[in-house]
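Asker: Sequence first, then the predicted structure, then my questions.
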Amino acid sequence: MSGRPEPAAGRTDLADLAALPDLASRAFGGGVVVANDEFFAAADNLVDPLPPTFSPRTFAAKGQVYDGWETRRRREPGADHAVVRLGLPGVVRLLVVDTSFFTGNYPPFAAVDGCAVDGYPGPDELAGARWVPLLDRSPLAGDSRNVFPVDVPHHVTHVRLTIFPDGGVARLRVHGDVVPDPRLLPDVLDLAATEHGGRVQACSDRFYGAPQNLLAPGPARVMGEGWETARRRDDGNDWVLVRLGVPGVAQFVDLDTSHFKGNAPGRATLRAADERHGDLDDPAAWFPLLPETRLRPDTRHRFPVDAPRAATHVRLDIFPDGGMARLRVTGRVDAVGRRHQGRIRRGGHRRRVGPGQQQPRDRLDQPAVRAGPGPAHVQVGQGPGPVDPAHDVGAGAGLAEGQAHAGADVPVVGDPHRGEALRLRRGQRPGRLRCRRHPGQQPDDQGRRRGGGDHPPHDHGGASPPGGPR
């Protein structure tokens, strides 16, 4: 078979959305610009790429120490808010308002708005920005990951979390499509990097590590920050397909096996294709960047390549299996691709609001309230056990790919079209839940692994990869 895996229709599957980068993560440069109240815990914790933690009976001068943002108890009407500068500007597809460990002190409702402002605005400039609702006022559950799909095609640079009336939130995850500013892109860059819009489109196996980690910024600090497959017991090989953030002509490629010593691939190849001028299912559309080359364990390999033309995708094949820390594709940006990125970004600013659509709000302190049902909501509770701190670093968001080394921080998938809400109690295995409304449908086995138990099953995608059979 040579067909590529069928894409999810409309990208509505929550696991697919959670695999997108966390645009707000500190790992990508996200930060809190301003918060109206941080009495009990700092709002900076909202963008920490690590999962929240809790140590009972650890008291400071203001009470129990919480890993999150917590405001004081309100004695007058109002709401609290925190404004986050996205490390990666883009289009928001999924919001996670994580109230882990906040039980009697979580906010019962929250709303999220976004705005697009050039440069590096401060609190005063953001107070006068034009804010667009991303999530209307919606109910939250305590000690849970409250997950909300977003269908607002605006490019944003900042988001504002408003909680009603007060309380604590551990983390805010803002998953979405990266839309870099083409004016700030140099002529030569890493075409595949997450920060430039690169993303993993498909892979053969994600048993031990998320493939999106390959495109994360900086070097991997530990093995768990890379991509690793299960041991193969057949004559095939593993592969990953990457959609470049910006089309371009490759000049150098880096295949980094750092930290992978007894489990590095023996060999690798890299091919490229331009989907603007050919079908990715057609083997003739692919051209070689790197022939089959021997790899060394725990080594950063750099190879010059002589690409004959621009590409939109690259496919890395490793033989037969193993782990890779990073993949870099350094090259010159394609002029047509740069213009296309500019159109996407400008479209986010200029989109007009039509009848029945959410109206922008002009003031920082204006809450989001709209009649009618809110977006689909999935509540996911914490599981027990220790957490590997490497699990949510680098790709930052990305780690919904079924990572087992690090316990991917992802939601359980319910039925987003019907607003189905699934909640995990402590100790429940996420991969064993079934939708209450549709008992014949089982959620994807993409839940968090919080230590203990078996590894989740690996995923071969159900079809052969683009570029021909393995």
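Answerer: Right, received. Where do you want to start?

Asker: for stretch 163-172, how far is the first residue from the last?
Answerer: 12 Å (CA to CA, to the nearest Å).

Asker: send the alpha carbons of stretch 204-217 over as CSV?
Answerer: Taking C-alpha atoms only, stretch 204-217 is exported to CSV below (Å, rounded to 0.1, in the frame of the first residue of the first chain):
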residue,chain,number,x,y,z
SER,A,204,4.7,5.1,12.1
ASP,A,205,5.1,4.7,15.8
ARG,A,206,5.1,6.9,18.9
PHE,A,207,5.4,4.3,21.6
TYR,A,208,7.9,6.0,23.9
GLY,A,209,8.1,9.6,22.8
ALA,A,210,6.1,12.2,20.8
PRO,A,211,7.4,12.8,17.3
GLN,A,212,6.7,16.6,17.6
ASN,A,213,9.6,16.7,20.1
LEU,A,214,11.9,16.4,17.0
LEU,A,215,11.0,19.9,16.1
ALA,A,216,11.2,21.5,19.6
PRO,A,217,13.5,24.5,20.3
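
Asker: what mean pLDDT does it have?
Answerer: Taken as a whole, stretch 204-217 has an average pLDDT of 95.

Asker: can you check stretch 170-183 too?
Answerer: Average pLDDT, stretch 170-183: 94.

Asker: One more: stretch 259-274?
Answerer: 97.

Asker: Could you give me the buried positions within it?
Answerer: His259, Phe260, Asn263, Ala264, Pro265, Ala268, Thr269, Leu270, Arg271, Ala272, Ala273, Asp274 (16 or more other CB atoms under 10 Å). Using the backbone N, CA and C atoms, a C-beta is placed for each residue, glycine as well.

Asker: Quick check: the fifth one vs Thr257, distance?
Answerer: For Pro265, the distance to Thr257 under the criterion CB to CB, to the nearest Å works out to 7 Å.

Asker: where do the contact lists of these two overlap?
Answerer: Shared contacts of Pro265 and Thr257, defined by CB atoms under 8 Å, 6 or more residues apart in numbering, are found at Leu295, Gly322, Gly323, Met324.

Asker: Most widely separated two among the residues you listed?
Answerer: Spatially, the most separated pair among the shared contacts of Pro265 and Thr257 is Leu295 and Gly323, at 10.8 Å (CB to CB).

Asker: Compare the two (neighbour count), which wins?
Answerer: Gly323 (27 against 19; other CB atoms under 10 Å).

Asker: State the phi and psi torsions of the more buried one.
Answerer: phi -130, psi 150 (degrees, to the nearest 10).

Asker: my guess is it contacts Thr257, does it?
Answerer: Yes - if you go by CB atoms under 8 Å, Gly323 and Thr257 touch, sitting 7.2 Å apart.

Asker: Touching both of these two, which residues are there?
Answerer: Jointly contacting Gly323 and Thr257 under the rule CB under 8 Å, 6+ apart are Ala264, Pro265.

Asker: Just give me the closest of the shared contacts of Pro265 and Thr257 to Leu50.
Answerer: Checking the shared contacts of Pro265 and Thr257 against Leu50 by CB to CB gives Gly323 as the nearest, at 21.3 Å.

Asker: per-residue confidence for the residue lying closest to that closest one once chain neighbours are set aside?
Answerer: Nearest in space to Gly323, with sequence neighbours left out and distances taken as CB to CB, 6 or more residues apart in numbering, is Glu228 at 3.4 Å. Note on Glu228: pLDDT of 97.

Asker: again with Ala60
Answerer: pLDDT, Ala60: 89.
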